[in-house]
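>>> Kindly generate the corresponding structure for this input.
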Amino acid sequence: MAANSNPTVKKRRLGAELRRLRQASGLKGTEVAERLMVSQAKISHLENGNRTIRPRDVRDLCALYGVTDQQVVDSLMRMARESTQPGWWNIYGDIPQSFYVALETDAATIHTYEPMTVPALLQTPAYAQAVIEETIPQLTTEQSATRLKVRLRRQHRIYDTARPLRLWIVLDESALRRVIGSPDIMREQLEHLITLGSEPHITVQVLPYTTGAHPGLSGHFSILRSADSPGAVAYLERFTSDLYLEKPSDVQHYSTMYDHLQAQALDPDSSRHFITDAIKTYITATNQP
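Okay, the predicted model is just below:
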């Protein structure tokens, strides 16, 4: 089983797909409930991801909706089985942004715009520790250590050959120039960024200061898509309350913004040269007496 599947995410996606199939069949929720001899509330809870969906429920609903493609049925039943299993992050207790970690773990593709720091999936341990300790006030030593462990565990996703993740990053120049930790930590981090950016499934583009105003000035956002669902989620990170946007019109809005950011950013090769030049400034700073 998928040690990295998420019950909430799987249930929400499975419920949304069952709703889509119902609507395509022309049936109303009340009609489905009547034919299966269950309450209409149960059908509503299943479609909203608020109730565990058993494989038998999936089988019965697919038969009712006229789904004849066995691969579709098998995929949905697999999602139903996985939806009851805990995710890997549960061993760390009640961690912040657990829903985002679940989406990230389940994603097939992620498009991220980051204005201030190197994205978490590409951070070195030293850089990640400095980000955590310097940006979150009043963390205990234990809390800081737990956050670091979770962040580094999340990075396993980009090395998962069984479920490859396609990752696009647009990085503002500020993330390269802002010294986090020390010049030596920055040098190591940017060298790591170049190494990962050379991987075929990771694309890194830099948005230099000379670009001027651009659609990303409002802050960080990501667009996550799963292989099991035709929909997507736009994620907006906030200090106390993150936003998850699933309406197709909202996701399309952020997808268009991302297209513009990619068009304005340096291409991957030019970005690599740009990062290399930034590394030289940190080497100079480290060697200064």
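>>> partner strands of the helix or strand residue 113 falls within, parallel or antiparallel?
Element membership for residue 113 (DSSP states H and E) is strand 107-114. Strand pairing for strand 107-114, using DSSP bridges, gives strand 166-172 (parallel), strand 221-226 (antiparallel).
>>> mind listing what's buried in it?
Buried residues in strand 107-114, counting neighbours by 16 or more other Cβ atoms under 10 Å, are found at 107, 109-114. The C-beta positions use only the backbone N, C-alpha and C, and glycine is treated the same way.
>>> For those, please prepare TSV with the additional fields distance to residue 275.
Listed next are the buried residues of strand 107-114 as TSV, based on distance: Cβ to Cβ, whole Å:
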residue	distance to residue 275
107	25
109	23
110	20
111	19
112	16
113	17
114	14
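>>> any idea which of those residues is the one closest to residue 191?
Using Cβ to Cβ, residue 114 is the member of these that lies nearest residue 191, at 17.9 Å.
>>> So for the buried residues of strand 107-114, which is the shakiest by pLDDT?
Ranked by pLDDT, those bottom out at residue 107 (89).
>>> Spit out the contact partners of that residue.
157, 165, 224-226 (Cβ atoms under 8 Å, 6 or more residues apart in numbering).
>>> Including distance to residue 247, neighbour count and pLDDT, could those residues go into JSON lines?
Output for the contacts of residue 107, formatted as JSON lines (distance: Cβ to Cβ, whole Å; neighbours: other Cβ atoms under 10 Å; pLDDT from 0 to 100):
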{"residue": "157", "distance to residue 247": "26", "neighbour count": "19", "pLDDT": "89"}
{"residue": "165", "distance to residue 247": "24", "neighbour count": "17", "pLDDT": "91"}
{"residue": "224", "distance to residue 247": "15", "neighbour count": "21", "pLDDT": "94"}
{"residue": "225", "distance to residue 247": "15", "neighbour count": "20", "pLDDT": "91"}
{"residue": "226", "distance to residue 247": "17", "neighbour count": "19", "pLDDT": "84"}
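>>> Select, from those, the two members most distant in space.
Spatial extent of those (Cβ to Cβ) is set by the pair 157 and 225 at 13.9 Å.
>>> quick check, distance from the one helix or strand residue 277 maps to to the centre of its chain.
For residue 277, the host element (DSSP H and E) is helix 268-287. Centroid separation for helix 268-287 versus its chain: 28 Å, with Cα atoms, centre = their mean, to the nearest Å.
>>> Can you check the pLDDT for residue 39?
Per-residue confidence (pLDDT) for residue 39: 86.
>>> Touching, it and residue 30? I think so.
No: with contact defined as Cβ atoms under 8 Å, residue 39 does not count as touching residue 30 (10.0 Å).
>>> on that earlier part again, check the offset of the strand holding residue 113 from the chain's centre.
On Cα atoms, centre = their mean, the centre of strand 107-114 falls 6 Å from that of its chain.
>>> One more: stretch 153-160?
On Cα atoms, centre = their mean, the centre of stretch 153-160 falls 12 Å from that of its chain.
>>> What lies in contact with it?
Residues from elsewhere that reach stretch 153-160, judged by Cβ under 8 Å, 6+ apart: 4, 88-89, 101, 104-105, 107, 120-123, 165, 167, 196, 199, 201-202.
>>> on that earlier part again, just the buried residues of the helix holding residue 277, please?
271-272, 274-275, 278-279, 281-282.
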